[in-house]
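*Asks:* below: sequence and its predicted model.
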Amino acid sequence: MIMTKQEKIIKADPWQQLKSFTRARIAIGRVGISLPTSEVLDFGLAHAMARDAVHLALDVEALEADIQQQQFTTIRAKSMAPDRASYLLRPDWGRRLHEQSLMQLQNISQAQPIDFLIVVGDGLSSLAVSRHVAPLLAEIRNFLPNDWHTGPVVIVSQARVAIGDEIGQALNAKMVAMLIGERPGLSSPDSLGIYLTYNPKLGLSDADRNCISNVRPEGLQYATAAKKLIWLAKEAMRIKVTGVALKDESEVQEIA
């Protein structure tokens, strides 16, 4: 078979098949020593989306309505950061509750102790929260033990991960699951993280909590994340600890 001149010039790219399995920037090609124009434009768009995800304000009313549709009660709170600019410049403000919110939570009377408190924070991607929290909560409800008391879902604005500890302490919860928008990546502006802490209180560090990351349809599926979370929560309830002392062996035990 004689190849035409055009067929000799155009060569099949073996990377394209691999590229279909990931959103990572592989096989982007080149034009001389530069990137193709399409890739430069795609990178600029991804960067803009990541910046927008950080600065975009969370629609609390819409989120609250979505959560209530999952048969959860809700309560709002806010951190010490008065606005988004302050939140980004002062991470420490995002880790502490506003005095008014703290008093409001402390004054809530519970008929029974909270076993598993869910806190939702905008974090660094309100886009992730608005897209993924409601469907994730639907899956979490499917795995929750019937005898666990969850209390209200606390929606907190201008939040960092550690604020969940103060909220859990204020409501005297046995453990808290913090659902929060993660720092956007150039291929994932809407990644949701889950942080589980047993015996939440002020002064804890990241070593005291377990993290489940990249919850979204293109990453960790809702059902898988919910199943992993409740497995960790059950183990935390059993051994009275989370963090580095609690290893995620959910998949190992499932195989066994």
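*Replies:* Here it is on my side, so go on.

*Asks:* separation between Q17 and R30?
*Replies:* Per CB to CB, to the nearest Å, Q17 is found 19 Å from R30. Quick note: C-beta positions are derived from backbone N, CA and C, even for glycine.

*Asks:* got a list of what H47 touches?
*Replies:* By CB atoms under 8 Å, 6 or more residues apart in numbering, the contact set of H47 is L186.

*Asks:* so L105 sits right up against I167, yeah?
*Replies:* Yes: assessed by CB atoms under 8 Å, L105 is found in contact with I167 at 6.4 Å.

*Asks:* please enumerate the shared neighbours of the two.
*Replies:* If you check L105 and I167 against CB under 8 Å, 6+ apart, the residues they both contact are 77, 97, 154.

*Asks:* for those, which single residue is the most surrounded?
*Replies:* Counting neighbours by other CB atoms under 10 Å, V154 leads the shared contacts of L105 and I167 with 28 neighbours.

*Asks:* residues contacting the closest residue to that residue other than its chain neighbours?
*Replies:* Spatial nearest neighbour of V154, excluding adjacent residues (CB to CB, 6 or more residues apart in numbering): V119 at 4.6 Å. Listed by CB under 8 Å, 6+ apart, the contact set of V119 reads 153-154, 156, 159, 163-164, 167-168, 176-179.

*Asks:* pretty sure V119 sits in a strand.
*Replies:* Yes: per DSSP: H, G, I helix; E, B strand; the rest coil, V119 lies within a strand segment.

*Asks:* and the residue lying closest to R90 once chain neighbours are set aside, what pLDDT?
*Replies:* The shortest distance from R90 to any non-neighbouring residue, by CB to CB, 6+ apart, is to A81 (6.3 Å). In this model, A81 is scored at 95, pLDDT.

*Asks:* check A46 too.
*Replies:* 71.

*Asks:* let me see the contact set for the residue lying closest to it once chain neighbours are set aside.
*Replies:* Excluding the flanking residues, the one nearest A46 by CB to CB, 6+ apart is L186, at 4.4 Å. Counting by CB under 8 Å, 6+ apart, L186 makes contact with 25, 43, 46-47, 50.

*Asks:* now those residues in JSON lines, with distance to A236?
*Replies:* Below are those laid out as JSON lines (distance: CB to CB, whole Å):
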{"residue": "R25", "distance to A236": "37"}
{"residue": "F43", "distance to A236": "41"}
{"residue": "A46", "distance to A236": "37"}
{"residue": "H47", "distance to A236": "38"}
{"residue": "A50", "distance to A236": "33"}
